[in-house]
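>>> Dropping the sequence and predicted coords here.
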Amino acid sequence: MYNTLVCVFAGLFLFSAAMLIWYWMDSKAQNEEFDDLAALVQQARPTAPQPGQSGSPDTPDQPQDPWITINDPETGDPVRVLPELAQLYTMNNDLAGWIRIPGTNIDYPMMQTPDRTDYYLRRNFNKKKATAGCIYAKEECDLALSDNVTIYGHYMRNGSMFAGLGGFKKQAFWEQNKYIQLDTLTSRRTYEIFAVFVTSASRGKGFTYHTFINATDQTHYDEFIAGCRKIALYDTGITPQYGEKLITLSTCDKDLANGRLVVVARLVSENGHAVS
């Protein structure tokens, strides 16, 4: 009996060790892949106004659209994309944009699959099974038109993906890092964080932030804003007004059973111009 128990516990130990090694290797490989993608985007990202764009001395009053036109890799149809995202789009046309949060490690492609729920929950950029998955937008959301776009990402123990949102639990961190850069395929956007909260994802127990996509009227919009501010970890002093576009970043939170850490922000500028 003793020998049997020793064998059982030894087997469990070896299995756990093997799983930890696999997890570490899988995470390391995916981090390297994302680093390579970020380098491609950074190299192609314009560093100054291009000819014809706003701020260019040759045609200052005739700003040019920031995108270029390429062919979709699957259909061959023309598609508008930012130049820095063109190469990635040809690699995977599920690409919906790129998200960066200065002051954190968050600097990732954002995916979206309108016809496949949670497709990138456990898949990498190349659509292969991966523990960390990808950052992805809720399927029903329209990045250009929806009043609110919910964006999901894992809280990885190695600090990758949306683990960087953990810093926003502290007001002092938010005060130094208020802005989110979220580029869609066709526009460069800046959002200002106005609420950070933790809630339960268990049915009937938490604030159902993820169900708010489009406001039926101003009352509906204001109720969502009030709901976010009511359970916020601190008061930012910012109250979005009806009509302002929002994004809601969602990740897991270990301090609450089936918890979610949520960061909500309003659009303040697009393609270098303030949004009124």
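Good, I have the coordinates.

>>> Low-confidence ranges, the stretch 151-276 of the chain, go.
Within the stretch 151-276 of the chain, the stretches with pLDDT under 70 are 276.

>>> Show me where it has its helices.
Using DSSP state H, counting those that start in this stretch, the helices found in the stretch 151-276 of the chain span residues 171-176, 218-230.

>>> From the contact counts, what lies against the longest one?
Meaning helix 218-230. Contacts defined by 3 or more CB pairs under 8 Å, 6 or more residues apart in numbering; DSSP states H and E place helix 218-230 against strand 188-200. From N, CA and C alone the C-beta is placed, and that goes for glycine too.

>>> Adjacent strands (with direction) for the strand it packs on?
Strand 188-200 sits in its sheet next to strand 179-184 (antiparallel), strand 259-270 (antiparallel), going by DSSP bridges.

>>> measure stretch 247-266 end to end?
Stretch 247-266 has its terminal residues 7 Å apart, counting by CA to CA, to the nearest Å.

>>> what's the spacing between it and its chain's center?
Relative to its chain's centre, stretch 247-266 lies at 12 Å (CA atoms, centre = their mean, to the nearest Å).

>>> What separation is there between the nearest residue to residue 157 once chain neighbours are set aside and residue 95?
Leaving aside its chain neighbours, residue 157 sits nearest to residue 163 (7.5 Å; criterion: CB to CB, 6 or more residues apart in numbering). The gap separating residue 163 from residue 95 is 22 Å, by CB to CB, to the nearest Å.

>>> circling back to that earlier point, looking at the helices of the stretch 151-276 of the chain, which is buried most?
Comparing those by mean neighbour count (mean count of other CB atoms under 10 Å), helix 218-230 ranks first with a mean of 16.

>>> and the angle for that helix with strand 259-270?
120 degrees (axes from the mean of the first three to the mean of the last three CA atoms, to 10 degrees).

>>> got the contact list for helix 218-230?
For helix 218-230, the external contacting residues (CB atoms under 8 Å, 6 or more residues apart in numbering) are 147-148, 194-195, 197, 207, 209, 212, 215, 235, 239-240, 242-243, 262, 264.

>>> try 10 Å this time
147-148, 194-197, 199, 207-209, 211-212, 214-215, 217, 235-236, 238-244, 246, 248, 262-264, 266 (CB atoms under 10 Å, 6 or more residues apart in numbering).

>>> Got a ChimeraX select line for the buried ones in the residues you listed?
Here is the ChimeraX command that selects the buried residues among the contacts of helix 218-230 (16 or more other CB atoms under 10 Å):
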select :147,148,194,195,196,197,199,207,209,212,215,236,240,244,246,248,262,263,264,266
